[in-house]
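[1] generate coordinates for the sequence data below:
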Amino acid sequence: MSITTIVTDIEGTITDIAFVKDELFPYARARMATFVAQHAEEPAVAEQLQSVAKAIGCDADELDPIVSQLIQWIDEDKKAPALKTLQGMIWKAAYTSGELKGHLYPDVVPRLQAWKDQNLGLYVYSSGSVGAQKLLFGYSVAGDITGLFSGYFDTQMGQKQDAESYNAIAREIGEAPDNILFLSDHAGELEAAEQAGWQVAQLVRPAGTADERFPHYADLNEITAMTSLTIYPDTKADTPVFQSDNSDEILTKLAKLGIRFERWEAATPVTGDMTQEQVLAAYATQIQALKDSEGYVTADVVNMVPDHPDKDMFRAKFLEEHTHAEDEVRFFVSGSGQFNLHLNDQVVSIVCTKDDLIGVPAGTKHWFDMGPNPAFSAIRLFNNPDGWVARFTGDEIARSFPRYE
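    Sure, this is the predicted structure:
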């Protein structure tokens with residue numbers, strides 16, 4: 001199972017719901033009657049009015065009841081294709097004049113660009129019309145980002161809580177369902193995508209609520225990538241001999257190399273405002289099992305944030321090859337980081353993400369890259385915290401291999 005394609009929802013996922021509810025919808029609502037009166041004879045508008053008229057049982061030239069129905073649908077947030085199309089037409093003039101700019105969360109464009117640079121296919125699936133989607137991205141606060149996407153889908157493909165809609169999109173893209181990752185804030189949509197065989201991730205933006213049935217993240221940077229394993233000859237940093245983001249393959253490969261790798265699930269939901277004691281309690285069963293089997297004595301939680309004043313110093317320090325007198329055991333409660341192990345004549349590079357545990361055996365030459373803007377919370381286990389002092393080898397090998405950017 002390898003992710004090659006990412007399909008994202010818009011509202012509540014990569015743009016603030018408030019932008020849609022408090023700016024776009026009121027803007028279209030206030031102008032709907034005038035727009036319909038002025039453009040009713042135009043073929044593209046007439047087609048949509050005919051659709052509304054058919055739905056409410058009136059003639060297409062009876063504009064008052066049609067407008068009333070459109071206003072009602074706006075107030076009800078009805079996912080009616082005719083409404084979405086007409087809204088898009090109204091918004092177009094506002095976008096092109098600069099009166100409206102599509103909102104995007106700050107993490108969105110850098111992360112989408114990074115995924116595109118990794119040759120992942122990027123698509124959009126939203127209840128808003130394809131035309132409205134292209135306007136939002138074409139006139140966004142970050143400028144025109146339509147070039148990041150390979151395609152757009154709306155409810156012409158089917159309703160977003162219907163698994164068949166996702167089957168249809170997978171066929172249209174020409175990609176196996178289990179190679180597609182769907183991003184949304186809405187549990188019903190994630191459930192439908194999962195039923196279609198897609199991988200899913202819930203975005204829990206401010207004021208959002210996590211659904212524990214799905215992997216959930218505060219922003220796109222938390223799913224920078226997925227857990228992955230790359231193995232290089234230690235003399236050829238540009239020539240990997242093995243690459244995978246398949247969890248079973250990674251576990252099997254690392255086990256053969258004598259590297260502990262596990263996935264843990266919390267007994268209770270873990271949130272960013274928890275104390276160290278609460279985080280440890282959420283994983284108490286797994287921690288105790290590891291203590292019993294490996295003799296670890298203590299556990300604590302370490303946090304790193306992008307605005308940490310010493311982040312550059314810490315990154316530079318751990319980027320130098322070193323060893324420890326005891327195992328280095330890390331479980332990622334959130335965020336991610338890259339461990340690079342120098343094993344004989346190979347460099348084994350593991351990107352660890354949320355819910356991953358890695359155990360680097362004592363004496364193993366390695367380095368760790370937390371990236372230029374580190375954001376992670378990790379549980380550490382020790383036999384003796386004093387034994388974790390880094391012993392640097394003086395080898396500059398780490399400088400030749402890809403950084404975690």
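
[2] mind showing which ranges of the stretch 151-300 of the chain have poor pLDDT?
    Along the stretch 151-300 of the chain, segments meeting pLDDT under 70 span 224-225.

[3] in it, which spans are strands?
    Shown for the stretch 151-300 of the chain, the strands assigned by DSSP state E, counting those that start in this stretch span residues 151-153, 180-184, 199-203, 216-217, 228-233, 242-244, 260-263, 298-304.

[4] okay, those, which one's buried deepest?
    Counting by mean count of other CB atoms under 10 Å, strand 180-184 has the highest mean neighbour count of the strands of the stretch 151-300 of the chain, with a mean of 24. Yep, even glycine has a C-beta here, placed from its N, CA and C like the rest.

[5] got the strands of the stretch 151-300 of the chain as TSV, with distance to residue 131 columns?
    Shown next, in TSV, are those (distance: least, CB to CB, whole Å):
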stretch	distance to residue 131
strand 151-153	9
strand 180-184	21
strand 199-203	24
strand 216-217	29
strand 228-233	37
strand 242-244	39
strand 260-263	42
strand 298-304	42
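
[6] between these, which one is closest to residue 56.
    Of all those, it is strand 151-153 that lies closest to residue 56, at 27.0 Å by CB to CB.

[7] how near is residue 51 to residue 127?
    Per CB to CB, to the nearest Å, residue 51 is found 16 Å from residue 127.

[8] could you list the domains of the protein?
    For the chain, the structural domains run 5-15+103-223, 17-97, 228-400, going by automatic domain parsing.

[9] mean neighbour count, those domains: which tops it?
    Scoring the domains of the chain by mean count of other CB under 10 Å, the most buried comes out as domain 5-15+103-223, with a mean of 19.

[10] figure out which of the strands of the stretch 151-300 of the chain is closest to residue 398.
    Per CB to CB, nearest to residue 398 of those: strand 228-233, 12.1 Å.

[11] can you name every helix or strand that that closest one contacts?
    Strand 228-233 is packed against strand 242-244, helix 247-256, strand 346-352, with contacts defined by 3 or more CB pairs under 8 Å, 6 or more residues apart in numbering; DSSP states H and E.

[12] where does the stretch 1-150 of the chain dip in pLDDT?
    Under the criterion pLDDT under 70, the flagged ranges of the stretch 1-150 of the chain are 1-2.

[13] try it again with 50
    1 (pLDDT under 50).

[14] going along the chain, name the helices of it.
    Under the criterion DSSP state H, counting those that start in this stretch, helices of the stretch 1-150 of the chain are mapped to 17-19, 25-39, 43-56, 63-76, 81-97, 108-117, 130-138.

[15] any idea which helix or strand carries the nearest residue to residue 262 once chain neighbours are set aside?
    Closest residue in space to residue 262, ignoring its immediate chain neighbours: residue 357 at 4.4 Å, by CB to CB, 6 or more residues apart in numbering. In this assignment (DSSP states H and E), residue 357 forms part of strand 356-360.
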